[in-house]
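In: task: produce atomic coordinates for the following.
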Amino acid sequence: MGALSFAATDWVDVSATTFSIEAFYGGAACDGTPYLVNANEDPNCAAEVCKHNDNPSNLTLQGVGMVSIECTTDYMTALREKFGSSPYIIQVYSPDSDYAMFGTASGFPATGNCEGSFNVNDSMGVHLVGTLEANGSATMQYFSGSPRGLWEDDIITARRIPRGKVRVKKLITRGAYGEVYTGVFNRQKIAVKMLLPTTRDSLQQVNDFLAEAKLTASMDHPHIVHFVGVAWDSLSDLCVALEFMDGGNLRSLLDKYKSSNRAVGLDRQKITIALHVCHALTYLHSLDPPVLHRDLKSRNVLLNKSMEAKLTDFGILREHNDRTLTAGVGTSLWMAPEVMLGEKYDAKADMFSFGVVLSELDVHALPESKHASECS
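Out: Numbers count the residues shown, from 1 in each chain. Have a look, this model is predicted:
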């Protein structure tokens, strides 16, 4: 069931009034979860199944995605039903301080992500970020105007480096959305992270990629991979430059130990690696708000030649709030039960994953190793 928050303790009972319920959707169809739902008193309400939003009375939202309109006498139920099982925030506005009169009501998705759409001619857009906080409060940010993306964010622009000075070399690894290469910047060897060619034209993927870059750029800890900069000439050649870790990842090291029949058990080197990971997690969890890694595993622990360990791969890292998060993140062998079950979780989920990494350090094998080739 979705979570919700109200601007007043009790909303005004106006059940005899007719309301228009406008649900706004990104893209070219009225399906999925809307990024905004408005409820207004409207005795002349006319229902619309789905149409392009061209309402001249609303210049901020005019032309922004698609809209459906329904008419009802129960605006609160209608707002709730639009979000289904997704988390949401509902704000009720009143022209008077004691909320004796109804003004308008709006509903927003509370995913913690940027939701919204640009209009058809890219001259205006509306985006929203709704979040349910751990203390029971809710925050909602509303952005409108020109279709600015994170490439115009202050942190991103401050850390921008010339794209022409980033030389991409050899492919290291490729994932579902991105790929990592070796590279050179200012005569220094770096790791270059890029979107896959199939995802570079997606504005949503570009913004998600930059959101990860922004969060990584804001971190300063000796056991988190250092952020060098972000570079682009056009958004299609966007890349992030990171510290190159010449010792590879922890999983590869443990595979070598296993193949060479190195003695199992924890030694000084392994304990030092574990301590470095623990320091990085402590740093993340002590931020305000706390940050969860959510995909901690041996492949995301990188090493340098001095065997110093650093955390990487923050593609699904999020600032934590106390909302329900599904098991669609992380990797199952390292995933805490509450995450797999789609229940609420907190920093303890990272500590569960850390425990699995400790097990790997101890015995060199993946958990449930007979399934490792399927799940890792």
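In: now M351. Nearest residue, chain neighbours left out?
Out: L281 (7.3 Å; C-beta to C-beta, 6 or more residues apart in numbering). Heads up, the C-betas are built off the backbone N, CA and C, glycines and all.
In: run a quick check on the one you found versus F352, I expect a contact.
Out: No. Using C-beta atoms under 8 Å, L281 is not in contact with F352, being 11.4 Å away.
In: these two: which has the busier surroundings?
Out: A direct count of neighbours by other C-beta atoms under 10 Å for L281 and F352 places L281 higher, at 22 against 16.
In: next, the contact list for the more buried one, please.
Out: H293, L296, L311, A347, D350, M351, F354 (C-beta atoms under 8 Å, 6 or more residues apart in numbering).
In: from the residues you listed, which ones fall inside helices?
Out: Residues of those located in helices (DSSP state H): A347, D350, M351, F354.
In: which phi and psi does K189 have?
Out: phi -70, psi 130 (degrees, to the nearest 10).
In: again, but for A217
Out: phi -60, psi -30.
In: before we move on, back to that, most neighbours, which of the ones in helices among the contacts of L281?
Out: Busiest of the ones in helices among the contacts of L281 [other C-beta under 10 Å] is D350, holding 26 neighbours.
In: what's the separation between it and P337?
Out: Applying C-beta to C-beta, to the nearest Å, the value for D350 to P337 is 14 Å.
In: again with V67
Out: 41 Å.
In: the more surrounded of the two?
Out: Ranked by neighbour count (other C-beta under 10 Å), V67 and P337 place V67 first, with 23 against 11.
In: does the more buried one count as helix, strand or coil?
Out: strand (DSSP: H, G, I helix; E, B strand; the rest coil).
In: my read: it touches C30, true?
Out: Yes. Counting by C-beta under 8 Å, C30 is a contact partner of V67 at 7.4 Å.
In: what do these two both touch?
Out: In contact with both V67 and C30: A23, C50, using C-beta under 8 Å, 6+ apart.
In: pLDDT weak spots in the stretch 51-200 of the chain?
Out: 53-65, 97-99, 116-128, 133-137, 140-150, 176 (pLDDT under 70).
In: show me where it has its strands.
Out: Secondary structure of the stretch 51-200 of the chain (DSSP state E, counting those that start in this stretch): strands at 66-72, 88-93, 104-109, 114-118, 125-132, 138-145, 166-174, 178-185, 188-195.
In: and those strands as CSV, adding distance to R160?
Out: Formatted as CSV, these follow (distance: least, C-beta to C-beta, whole Å):
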stretch, distance to R160
strand 66-72, 34
strand 88-93, 33
strand 104-109, 30
strand 114-118, 20
strand 125-132, 22
strand 138-145, 21
strand 166-174, 11
strand 178-185, 12
strand 188-195, 15
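In: out of those strands, the one nearest K256 is which?
Out: Checking the strands of the stretch 51-200 of the chain against K256 by C-beta to C-beta gives strand 166-174 as the closest, at 17.2 Å.
In: which neighbouring elements make contact with the closest one?
Out: strand 178-185, strand 188-195, strand 239-243 (3 or more C-beta pairs under 8 Å, 6 or more residues apart in numbering; DSSP states H and E).
In: switch to 6 Å and redo it
Out: Packing partners of strand 166-174 (3 or more C-beta pairs under 6 Å, 6 or more residues apart in numbering; DSSP states H and E): strand 178-185.
In: just the element for A211, please.
Out: Assigned by DSSP states H and E, A211 belongs to helix 203-217.
In: avg pLDDT for that helix?
Out: Helix 203-217 comes out with an average pLDDT of 82.
In: now stretch 236-248
Out: pLDDT averaged over stretch 236-248 gives 94.
In: buried residues in the helix holding A211?
Out: For helix 203-217, the neighbour count (16 or more other C-beta atoms under 10 Å) marks 205-217 as buried.
In: between that helix and strand 178-185, how many degrees?
Out: If you take axes from the mean of the first three to the mean of the last three C-alpha atoms, to 10 degrees, helix 203-217 sits at 50 degrees to strand 178-185.
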